[in-house]
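**Student:** sequence isn't available, so here's the structure alone:
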């Protein structure tokens, strides 16, 4: 019988560090704001045993104690610490990151937050005493008791939040489904294509909960947890007939829709770091816009994770010796855990989302290349610049240019005549917290046919002949226009993406035919605030194509 | 992530030198490493263990010894031995009897019982003060109880030793009872400290 152990050692079965994150997110016509509050608590769970009751109902007696406490003073038996219900929870917290820390990108600035009521390296004392009647009741009803120590987290910076919430209205459901849901598994992809076709022409109101992998505090605390959203509930002001909702890919239908209450509830979903949970409402855009206020509430948690980097480092009783440490599991029945609980409240007006002014910036680069080569180079540049390629369509079926002998052309997509097809690339690039830029790149151009060119070269004659022959076609082998249309919340990001592509194409460390002495490109500064036109003059102004070819090969 | 961060994140660290903490102060909860931890066997701290030692001692001293001395062994045997050793009777028989009874009484006083729901589930316990880890400041404030403990152990030891010595010197066997008193002091030293200072955990 384990009477020699202090009561807290015997009866404590779980200690958890809970940090609660309350998120609020409002997008209405009036405001666009998100706010959060964070607090936490250390909690022990105690399940009293029979000895705990006995120690109170029948405390130990002795002859001496009987002799000296005739007046009812039980001080000898019940001296300090008996029956030892105090718990010391040892905690340590990693100091907040400073900007000087290595292994962090320059653009990550970490604000300090302060934790009030919790030592950075020390203990909190929890008093776990019961009265005899409480224990009696607890034993009968199989109850447990919580002992808690609460603390506040002040000024927790939003960039360290473990989840990112977004709401968006997409006008093209088909594209949305194809883009967001496509996975490597081909069989699933087939289903997705079917799904995408089904919602052709409709819109999507999507609420995303992202669990980004780059939360620095979490990494340092060794968090490898997964995010579980237990219950995502969406209440709408109104609803319409052909409203539909997207289920989780793996589940047949993990939501319940109640048209009468105008409420959808999604069941529990779990993701690991780097993934995103999506809650999608599909329907005609007009109907979606008329939904009125959409409010969502959700509850979720992240296991093995703390926002503040606080970890439980040991459990002690009043003797000061540990009965649990992370390195040793002396008490097998005792579980120690860390968890972040999330409660979210979202208020979204789809109409306000529609008015969500996306900045669109276009830029154009002209390169002296055949469109197919230019397209390849664009693709290379995009991959090198860490852009995600969402779709890729190389240029095809060039048509002879009217009235120009030996010249073929590929015209833009808006020019529907003929079956020439411009090269089209759809890419996205993420700029950390700043946003995501989506861009459509279209490659058009004209070129003299290769066969024509080799024919010309085979003439064993002077330059004049060559030039004259080219005059019928082009000055160079080919000329391509690369048009980039970048979309994001900020035109700065758009410009950055465009200039990245431009730099890549016009030669900073790039094209094989760049002349080192010439400027890489000239920028025509006819930018407007919203849509800077980034035309550039090609660097490769070649008088003689065959000569330049030789030069290029030598380098 | 630097090595330093990894190291500090793994352990609670001692406030004094940053070494990994092996204990916390049982009073104030400060993390302590082995070098800065003071250990106190705290008489004011109650911890009970299943232990029959004191009860057995009480039974032996209180029942067995008198029974043997009064029933089994003839008192005249003692008188013979005493006459051979000291040339006179010094009452060693009585002294032994007294010592046995006193020691047994001490054992019984130090025995704790805890009754249960049924009579058969009653426990015999011994109160053993646990060893506690304390920080320097909290340890300093326990000086009075440490002093009392030391004094009582000294007194007990002195009395136990004084018994036989005085018996020989003074030629009075009854003085052996002093050893019995010493045993009582020794067994009840923690209770005496507790009774003197009260159950609160501070000396003042």
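**Tutor:** Looks like it came in fine. Just so we're clear, the structure is a prediction, and the values are computed from it rather than from any experiment.
**Student:** point me to the residue of chain B nearest chain A.
**Tutor:** Across chain B, the shortest distance to chain A (C-beta to the nearest C-beta) belongs to residue B:133, at 3.1 Å. Yep, even glycine has a C-beta here, placed from its N, CA and C like the rest.
**Student:** check contacts around that residue.
**Tutor:** Neighbour list for residue B:133: A:319, A:320, A:321, B:23, B:24, B:25, B:26, B:32, B:37, B:38, B:39 [criterion: C-beta atoms under 8 Å, 6 or more residues apart in numbering or on different chains].
**Student:** and if you look at residue A:156?
**Tutor:** Contacts of residue A:156 (C-beta under 8 Å, 6+ apart): A:36, A:38, A:113, A:307, A:308.
**Student:** switch the cut-off to 7 Å
**Tutor:** The neighbourhood of residue A:156, defined by C-beta atoms under 7 Å, 6 or more residues apart in numbering or on different chains, consists of A:38, A:113, A:307.
**Student:** tell me which element the first one is part of?
**Tutor:** Pointing back at residue A:38 there. Taking DSSP states H and E as the criterion, the element that holds residue A:38 is strand A:32-46.
**Student:** need the contacts of residue A:156 in TSV with distance to chain B and neighbour count, can you?
**Tutor:** Converted to TSV, the contacts of residue A:156 look like this (distance: C-beta to the nearest C-beta, whole Å; neighbours: other C-beta atoms under 10 Å in any protein chain shown):
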residue	distance to chain B	neighbour count
A:38	20	21
A:113	17	16
A:307	15	25
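**Student:** pick out the lowest-pLDDT one from the residues you listed.
**Tutor:** By pLDDT, residue A:113 ranks lowest within these, coming in at 78.
**Student:** that one contacts residue A:154, correct?
**Tutor:** Yes - here residue A:113 reaches residue A:154: they are 6.5 Å apart, a contact under C-beta atoms under 7 Å.
**Student:** does the helix ranked longest in chain B reach chain A?
**Tutor:** Using DSSP state H, we find that the single longest helix of chain B is helix B:143-170. No - Helix B:143-170 does not reach chain A (C-beta under 7 Å from any C-beta of the partner chain); its nearest approach is 10.7 Å.
**Student:** the helix or strand just after that helix to helix B:143-170, inter-axis angle?
**Tutor:** Next helix or strand after helix B:143-170 toward the C-terminus (DSSP H and E): helix B:177-187. Between the axes of helix B:177-187 and helix B:143-170, defined by axes from the mean of the first three to the mean of the last three C-alpha atoms, to 10 degrees, the angle is 160 degrees.
**Student:** now do helix B:177-187, average pLDDT.
**Tutor:** Averaged across helix B:177-187, the pLDDT comes to 93.
**Student:** per-residue confidence at residue 65?
**Tutor:** In the absence of a named chain, this looks at chain A. We have a pLDDT of 80 for residue A:65.
**Student:** should've been chain B
**Tutor:** At residue B:65, pLDDT is 90.
**Student:** right, and it touches residue B:99 too?
**Tutor:** No - counting by C-beta under 7 Å, residue B:99 is not a contact partner of residue B:65; they are 8.1 Å apart.
**Student:** and the two? which has more neighbours close in?
**Tutor:** residue B:99 (26 against 19; other C-beta atoms under 10 Å in any protein chain shown).
**Student:** gap between that one and residue B:92?
**Tutor:** Counting by C-beta to C-beta, to the nearest Å, the gap from residue B:99 to residue B:92 is 10 Å.
**Student:** so what sits against both of these two?
**Tutor:** Common contact partners of residue B:99 and residue B:92 (C-beta under 7 Å, 6+ apart): residue B:176.
**Student:** for the chain, what spans make up the helices?
**Tutor:** Answering for chain A, as no chain was given. Counting by DSSP H, one finds helices in chain A at the ranges A:7-11, A:50-57, A:63-68, A:132-141, A:173-181, A:186-198, A:216-220, A:285-289, A:350-354, A:371-384, A:450-458, A:463-471, A:491-506, A:545-554.
**Student:** not quite, I wanted chain B
**Tutor:** Using DSSP H, the helices of chain B run over B:3-10, B:53-59, B:65-67, B:75-86, B:92-109, B:136-140, B:143-170, B:177-187, B:189-197.
**Student:** residue A:425: which of the ones you listed is closest?
**Tutor:** helix B:3-10 (42.3 Å; C-beta to C-beta).
**Student:** residues contacting the nearest residue to residue A:280 once chain neighbours are set aside?
**Tutor:** The shortest distance from residue A:280 to any non-neighbouring residue, by C-beta to C-beta, 6 or more residues apart in numbering or on different chains, is to residue A:246 (4.0 Å). Residue A:246 makes contact with A:278, A:280, A:282 under the criterion C-beta under 7 Å, 6+ apart.
**Student:** once you drop chain neighbours, what's closest to the residue in chain A positioned nearest to chain B?
**Tutor:** In chain A, the residue found nearest to chain B is residue A:320; the distance is 3.1 Å by C-beta to the nearest C-beta. Setting aside the residues directly before and after it, residue A:320 is nearest to residue B:133 in space (C-beta to C-beta, 6+ apart), at 3.1 Å.
**Student:** in the sheet, who's paired with the one you found?
**Tutor:** Residues in a beta bridge with residue B:133, per DSSP bridges, are residue B:39.
**Student:** any idea of the pLDDT on it?
**Tutor:** Reported pLDDT for residue B:133: 92.
**Student:** cool, and residue A:458?
**Tutor:** pLDDT, residue A:458: 47.
**Student:** now swap in residue A:365 and tell me
**Tutor:** If you check residue A:365, the pLDDT there is 87.
**Student:** with residue A:373 instead?
**Tutor:** Reported pLDDT for residue A:373: 87.
**Student:** then residue B:172?
**Tutor:** 83.
**Student:** wait, it sits on residue B:90?
**Tutor:** Yes - if you go by C-beta under 7 Å, residue B:172 and residue B:90 touch, sitting 5.8 Å apart.
**Student:** more neighbours, the two?
**Tutor:** Shown here are residue B:172 and residue B:90; by other C-beta under 10 Å, residue B:90 has more neighbours (23 against 15).
**Student:** and residue B:175, how many neighbours?
**Tutor:** By other C-beta under 10 Å, 23 other residues sit near residue B:175.
**Student:** how about the nearest residue to it, chain neighbours excluded?
**Tutor:** What sits nearest to residue B:175 in space, not counting adjacent residues and going by C-beta to C-beta, 6+ apart, is residue B:166, at 4.3 Å.
**Student:** for residue A:200, what are its contacts?
**Tutor:** The contact partners of residue A:200, by C-beta under 7 Å, 6+ apart, come to residue A:174.
**Student:** swap the cut-off to 10 Å and go again
**Tutor:** A:172, A:173, A:174, A:175, A:177 (C-beta atoms under 10 Å, 6 or more residues apart in numbering or on different chains).
**Student:** can you redo those residues as TSV with distance to chain B, neighbour count and pLDDT?
**Tutor:** Listed next are these as TSV, based on distance: C-beta to the nearest C-beta, whole Å; neighbours: other C-beta atoms under 10 Å in any protein chain shown; pLDDT from 0 to 100:
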residue	distance to chain B	neighbour count	pLDDT
A:172	43	17	81
A:173	43	26	84
A:174	44	18	83
A:175	40	17	83
A:177	39	25	84
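**Student:** is residue A:442 in a bridge, and if so with what?
**Tutor:** Here residue A:442 sits in beta bridges with residue A:424, residue A:483, going by DSSP bridges.
**Student:** residue most distant from the centroid, chain A?
**Tutor:** Computed with C-alpha atoms, centre = their mean, the residue of chain A farthest from its C-alpha average is residue A:67, at 72.2 Å.
**Student:** how about that residue, nearest residue that isn't a chain neighbour?
**Tutor:** Computed as C-beta to C-beta, 6+ apart, the closest residue to residue A:67 that is not its neighbour in sequence is residue B:109, at 7.9 Å.
**Student:** contact partners for the one you found?
**Tutor:** Applying C-beta under 10 Å, 6+ apart, the residues near residue B:109 are A:62-68, B:54, B:58, B:184, B:187-188, B:191.
**Student:** scan the residues you listed and report the most crowded one.
**Tutor:** residue B:187 (25 neighbours).
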